[in-house]
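*Asks:* kindly return the folded structure for what I paste below:
(chains A and B)
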Protein chains: 2
Amino acid sequence: MAVQSPAPGTTDPGPAPANPDAPSAFGPAVALSCRECGARVPLGPVFACEECFGPLEVAYDFGDEGPEALRARIEAGPQNIWRYAPLLPVPADVTDKPNLNPGFTKLVKADRLAAELGVTGGLYVKDDSGNPTHSFKDRVVAIAVEAARTFGLTTLSCSSTGNLAGAVGAAAVRAGFRSCVFIPADLEAGKVVMAAVYGGELVGIEGTYDDVNRFCSELIGDPIGENWGFTNVNLRPYYGEGSKTLAFEICEQLGWRLPDNIVIPIASGSQLTKIDKGLQELIRLGLVADKPYRIYGAQAEGCSPVSAAFKAGHDVVRPVRPDTIAKSLAIGNPADGPYVLDIARRTGGAVEDVDDEQIVAAIKQLARTEGIFTETAGGVTIGVLRKLIESGQLDPAAETVAINTGDGLKTLDAVAPSTGMTAVIRPTLDSFREAGLA
Amino acid sequence: MAVQSPAPGTTDPGPAPANPDAPSAFGPAVALSCRECGARVPLGPVFACEECFGPLEVAYDFGDEGPEALRARIEAGPQNIWRYAPLLPVPADVTDKPNLNPGFTKLVKADRLAAELGVTGGLYVKDDSGNPTHSFKDRVVAIAVEAARTFGLTTLSCSSTGNLAGAVGAAAVRAGFRSCVFIPADLEAGKVVMAAVYGGELVGIEGTYDDVNRFCSELIGDPIGENWGFTNVNLRPYYGEGSKTLAFEICEQLGWRLPDNIVIPIASGSQLTKIDKGLQELIRLGLVADKPYRIYGAQAEGCSPVSAAFKAGHDVVRPVRPDTIAKSLAIGNPADGPYVLDIARRTGGAVEDVDDEQIVAAIKQLARTEGIFTETAGGVTIGVLRKLIESGQLDPAAETVAINTGDGLKTLDAVAPSTGMTAVIRPTLDSFREAGLA
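*Replies:* Sure, this is the predicted structure:
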């Protein structure tokens, strides 16, 4: 897991570290690179390009190990995201340090759902509700925590409306950080409990989620925030890399090959873009055979700026004011929206949206066909999958993977009004028969 | 995974099957055996001895494979309970059939909790909240489902107050069974949703949990219930074996060795007795070196009939009327109570209880030290662990494993009154400073 020596023809060689033989605190990562202008800066707790304000992302030198040796090294690794440490910005001794060890969640063959949807080419659900705090956020936070450790930061923070707050709170505890998380003060009581139970500071902000975000940006520029790591702000380049592990796991669990289609929910759009980045890395490293694949994005109709831009043929994503039950996807101005459009168009995929009623129906369809209880975001993904098939945008004869990013226990309110007992009876056989259940 | 030929000196050889070379639908299981009188009956959907009404349990012929070969076979198996198929009453092709594939959950080294409790010999939390429906019930139900399949039963059922209803509902969906689950009609709305979302029949019974149980017994004796498999009634001998996998996983994850102490919550007491059975099997098969271990049982003070009997030195467990926030442990007349007493006394362990306040404190202690959010049953286990250490009943210099059987998202109400935001502020740095957070 030490940095590989640069070699001609490797992926994104970049500048060699000062001492190429010394193990790096960031493993194969060698720099941050601007997604817009390509400018490079050293690895640090920064997230925006000084030249053009574009987003910074991690650049690697993966060396010249060769796919067979690399694949063997991965397969011999632990049953969590750290098996992919050779492809992540983490130190060689990452597995020795305490963290929640998320990942390597189940890839469920969804034959009953496939039958209902008419998918004949094979349908899988990548079920990230199996992560430690039951959402994919554990993956991204785990990478951010390692970066925070390396940078000597002492407080972990984020702005959140739910899943991320819990993931940061739990990860901070295990890794030995102070945490201070910011949420809108009017967040539902259940979500407050899920975030507060880990004992870190949980601060309610009087205002909207946008107000919370603006406050965090202010805090990070103030001396107060000097040793703070905001997972989704100054640690964002590292944080984002965690989503690549979804791509890695899907391909490894399929037997080291690409699926035909992947359907991914869109909040900021980061997960979708990083899954594409992960697939591209697997291809370039020879870990999977190159072949066409299509990336599909899923939004809720009540917060569908990327879907709207896709359908209108626009390159620009026009911000909206969210109004949907899929709160964890309710980002009206998604930072990675334009990149999502690029990827959907480049791969021949699409971006689609479903309304609240379709979201609830999809949650229940996944539960009653596969025994997987997903949160509203997963309802968006399954609902969009259905709509893509019905509208002819997704080929049902192709092999498709849909990503379940979270757990239904976190959004019980979405299905509660339409989910209840079949019957209430007295404890007698006669009463059972009268209810028509025998 | 075929039945091994009987050989002298093997564990519990029992009668040879009709054709010892034919693969059995129950793998190494050869009969049901009465725990009280030792009478044997063929494997079937029965649970009580016809001779003495004692509970029936599965008897095996594990053959003479030898520990090295068996260990290698297990380690080459899937990352779920089916890796232990050679030690379970399941057919050789169990992995080819659709089910939720629970198990192989994390064994978390709990160093921060150990430091707070003064444990110096090593402390682990076996975290079964990572199962598909986030409780250990997925293990036991998975084995019951395989038995139901073999017996040609068509409806899966149970009486439940929560975790089991969801586990049966989800497992039935994946395995292709009809399900019809019975709950008290006044169950909390959230738990009803968790059980109902899988789309099976969910029938509320007007009455107490005991009334629900009595009704199920009546139903099973009626022609209506002819093709029904009640996981915790007529499939109970198979169902119970699922808990052995907790013992198998703990020992394998420790590097194929026994811990010194295991702390286990008690509802019916079945989990505790089957974990002991699993440990005994590992020892007899040579998969772990024999050494003393101590089994500790944990109850809520508001439902502590086994703890009361243990403390009083009685062999008989006197039923109580439960009154505790730990609803999933609230069985006032635990079927396996006397066996729990035997095991605690035989191994030099103990049975202890904690009150509701201690349960809540323990849930929060585990969350803020290890980032694991457990349900009330886990609060009972961790609270009892603390009490056992403080009272000198458990040696803090010994290596201890505590079992977390479920997920905090299912019992949010227990911690909600005492878990909330640190502060509410305006979105300004001044407001942040005024709140004393800087």
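
*Asks:* for residue A:217, give me its contacts.
*Replies:* Applying Cβ atoms under 8 Å, 6 or more residues apart in numbering or on different chains, we find residue A:217 in contact with residue A:233. For the C-beta atoms, the positions are set from N, CA and C on the backbone; glycine is no exception.

*Asks:* SS state for it?
*Replies:* Applying DSSP: H, G, I helix; E, B strand; the rest coil to residue A:217 yields a three-state assignment of helix.

*Asks:* quick one: it from residue A:225, how far?
*Replies:* 10 Å (Cβ to Cβ, to the nearest Å).

*Asks:* walk me through the domains of chain A.
*Replies:* A:29-83, A:106-133+A:243-418, A:137-239 (automatic domain parsing).

*Asks:* roughly how far is the shortest one from the heart of the chain?
*Replies:* Pointing back at domain A:29-83 there. Relative to the centre of its chain, domain A:29-83 is centred 17 Å away, using Cα atoms, centre = their mean, to the nearest Å.

*Asks:* run a quick neighbour tally on the closest residue to residue A:172 other than its chain neighbours.
*Replies:* Closest residue to residue A:172 apart from its sequence neighbours, by Cβ to Cβ, 6 or more residues apart in numbering or on different chains: residue A:179 at 3.6 Å. Residue A:179 has 25 neighbours, counted by other Cβ atoms under 10 Å in any protein chain shown.

*Asks:* all helices of the stretch 301-438 of chain A, in order?
*Replies:* With DSSP state H, counting those that start in this stretch as the criterion, the stretch 301-438 of chain A has helices at A:305-312, A:337-347, A:356-370, A:376-390, A:412-415, A:429-434.

*Asks:* so which of these is nearest residue A:270?
*Replies:* helix A:337-347 (8.8 Å; Cβ to Cβ).

*Asks:* quick check: buried residues in that closest one?
*Replies:* A:337-341, A:343-344, A:347 (16 or more other Cβ atoms under 10 Å in any protein chain shown).

*Asks:* how far away from the center of its chain is that helix?
*Replies:* For helix A:337-347, the distance to the chain centre is 17 Å (Cα atoms, centre = their mean).

*Asks:* for the most centrally placed residue in chain A, which non-adjacent residue is spatially closest?
*Replies:* Central residue of chain A (Cα atoms, centre = their mean): residue A:271, 4.3 Å from the mean position. Of all residues not flanking residue A:271 in the chain, residue A:243 sits nearest, at 4.4 Å (Cβ to Cβ, 6+ apart).

*Asks:* okay, now the one you found: neighbour count?
*Replies:* So residue A:243, with other Cβ under 10 Å, has 25 neighbours.

*Asks:* now do the one 10 residues further on
*Replies:* Neighbourhood size, residue A:253 [other Cβ under 10 Å]: 16.

*Asks:* the residue nearest to it when sequence neighbours are not counted in helix, strand or coil?
*Replies:* Nearest non-adjacent residue to residue A:253, counting by Cβ to Cβ, 6+ apart: residue A:107, 4.0 Å away. Counting by three-state DSSP, the backbone at residue A:107 sits in strand.

*Asks:* give the contact list for residue A:107.
*Replies:* Counting by Cβ under 8 Å, 6+ apart, residue A:107 touches A:124-127, A:249-250, A:253-254, A:401.

*Asks:* repeat that with 6 Å
*Replies:* By Cβ atoms under 6 Å, 6 or more residues apart in numbering or on different chains, the contact list for residue A:107 reads A:124, A:126, A:253.

*Asks:* and which of those is nearest residue A:360?
*Replies:* For the contacts of residue A:107, the nearest to residue A:360 is residue A:126 (21.6 Å; Cβ to Cβ).

*Asks:* how far does the helix or strand hosting the closest one sit from its chain's centre?
*Replies:* Taking DSSP states H and E as the criterion, residue A:126 maps to strand A:123-127. Its chain's average C-alpha position is 14 Å from that of strand A:123-127, according to Cα atoms, centre = their mean.

*Asks:* same question for it, mean pLDDT?
*Replies:* Taken as a whole, strand A:123-127 has a mean pLDDT of 98.

*Asks:* show me what the helix or strand that that strand is followed by is packed up against.
*Replies:* Once the chain leaves strand A:123-127, the next helix or strand it forms, by DSSP H and E, is helix A:137-150. With contacts taken as 3 or more Cβ pairs under 6 Å, 6 or more residues apart in numbering or on different chains; DSSP states H and E, helix A:137-150 sits against helix A:163-175, helix A:236-241.
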